[in-house]
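> Quick one, fold the following:
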Amino acid sequence: MTMVEPRRKGDARSPGVNYQQLLDTDTRPVLDVLRWTNWSFIDDADVPITRYTTREFHELEKEKVWRRVWQMACREEDIPNVGDTCVYDICDMSILVVRSAADTIQAYWNVCLHRGRILREFDGNATELRCPFHGFCWNLDGSLKHVPCEWDFPHVDAEQYQLPQIRTGHWGGFIFVNFDDEAPTLEEYMGVIPEHFAQWDLGDRYVEVHVRKRLPANWKASADAFLEAYHILCLLYTSDAADE
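Next up is the predicted model:
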């Protein structure tokens, strides 16, 4: 039987310069947060192609990932005024993020409780949330405002007809939503991220431009293609090789 030694720090990397060595060459003091390191070998097994191509795995991701994790829906500056709304869609789920008061942001299922029609298809300002199908209407705080032909709906209890809310979280100017009431809080989910960004207040930043492009590829392959740390290291490695 052949024993395989466990991976050690530094085994799984290119022979080029590492990030800390790159920081050593900086002409200005480097912040402590950039010197923090954490190394652990996870695995180097091949990823089955079915994770990128099958409907079954996609449905599993919808249930196990997107219905349970905190995800960024918009920035606070996207909805600066009372009545501003932002539609956030993920898979077959639609959320309506609303600034219901000057200091209050809420998120609702973007669906009418009467016949299930989407309440709002586009971002924008609104004084009320009215369904375009039969006109059922809610206030910005989710309370029922008006039912057309109310006499035909004696069973509708205003207290029971509040728009169902989705959990929201705020950090660094970002608005997060989570569909799972049992999930950890946003603070628990983010872990050390706020500490990493203590020197860079993202709440003091803004979106200059938003670029959207439809790619004929699985979302994981697209995300992998834009891991900039990987590309930067590749550039450094190829530059070193060219110098030789």
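
> pull the helix or strand with minimum mean pLDDT from the protein.
helix 228-243 (a mean of 53; mean pLDDT, DSSP states H and E).

> Regarding the protein, what is its longest strand?
strand 93-101 (DSSP state E).

> Point out the other helices and strands that it packs with.
strand 71-75, strand 84-90, strand 104-109, strand 174-178 (3 or more C-beta pairs under 8 Å, 6 or more residues apart in numbering; DSSP states H and E). Where you see a C-beta, it was placed from the backbone N, CA and C, and this is true even at glycine.

> what do you get if the cut-off is 10 Å, keeping everything else the same?
Using 3 or more C-beta pairs under 10 Å, 6 or more residues apart in numbering; DSSP states H and E as the contact test, the elements touching strand 93-101 are strand 71-75, strand 84-90, strand 104-109, strand 129-130, strand 165-171, strand 174-178.

> Count the neighbours of Arg120 for me.
Residues near Arg120, counting by other C-beta atoms under 10 Å, number 19.

> tell me the average confidence for stretch 71-82?
Mean pLDDT, computed over stretch 71-82, is 96.

> scratch that, stretch 52-63
92.

> Off-centre distance for it?
18 Å (C-alpha atoms, centre = their mean, to the nearest Å).

> Same check on stretch 174-183?
On C-alpha atoms, centre = their mean, the centre of stretch 174-183 falls 10 Å from that of its chain.

> Report the buried residues of it.
Buried residues in stretch 174-183, counted by 16 or more other C-beta atoms under 10 Å: Phe174, Ile175, Phe176, Val177, Asn178, Phe179.

> Tell me the one of these nearest Phe226?
Comparing the buried residues of stretch 174-183 against Phe226 with C-beta to C-beta places Phe174 closest, at 18.8 Å.

> Is that closest one bridged to anything, and to what?
Arg75, Trp171 (DSSP bridges).

> what do you get for Gly124?
On the basis of DSSP bridges, Gly124 is bridged to Thr85.

> one step back: the longest strand of the chain vs strand 104-109, what angle?
Going by axes from the mean of the first three to the mean of the last three C-alpha atoms, to 10 degrees, strand 93-101 is angled at 160 degrees with respect to strand 104-109.

> Strand 93-101: partners in the sheet, and parallel or antiparallel?
Strand 93-101 has the following strand partners under DSSP bridges: strand 84-90 (antiparallel), strand 104-109 (antiparallel).

> The longest one relative to strand 71-75, how many degrees between them?
Between strand 84-90 and strand 71-75, the angle comes out at 150 degrees (the same axes, to 10 degrees).

> Glu59: what secondary structure?
At Glu59 the chain is in helix, as set by DSSP: H, G, I helix; E, B strand; the rest coil.

> who are the neighbours in contact with it?
Cys91 (C-beta atoms under 10 Å, 6 or more residues apart in numbering).

> residue contacts, Val177?
69-74, 88, 90, 93, 95, 97, 107, 165-169, 186.

> swap the cut-off to 7 Å and go again
By C-beta atoms under 7 Å, 6 or more residues apart in numbering, the residues touching Val177 are Gln71, Ala73, Tyr88, Ile95, Ala107, Ile166, Arg167, Thr168.

> Just the buried residues of those.
By 16+ other C-beta under 10 Å, these give Ala73, Tyr88, Ile95, Ala107, Ile166, Thr168 as buried.

> Sort out which one of these lies nearest Arg205 for me.
Ala73 (17.0 Å).

> could you measure the closest residue in space to the closest one that isn't next to it in sequence against Leu119, distance?
Once flanking residues are discounted, Ala73 sits nearest to Tyr88: 4.0 Å by C-beta to C-beta, 6 or more residues apart in numbering. Tyr88 is 13 Å from Leu119, where distance means C-beta to C-beta, to the nearest Å.

> for Val65, same thing?
25 Å.

> Please identify which of these two sits among more neighbours.
Leu119 (24 against 12).

> The more buried one sits in which helix or strand?
Secondary structure assignment for Leu119, by DSSP states H and E: no helix or strand.
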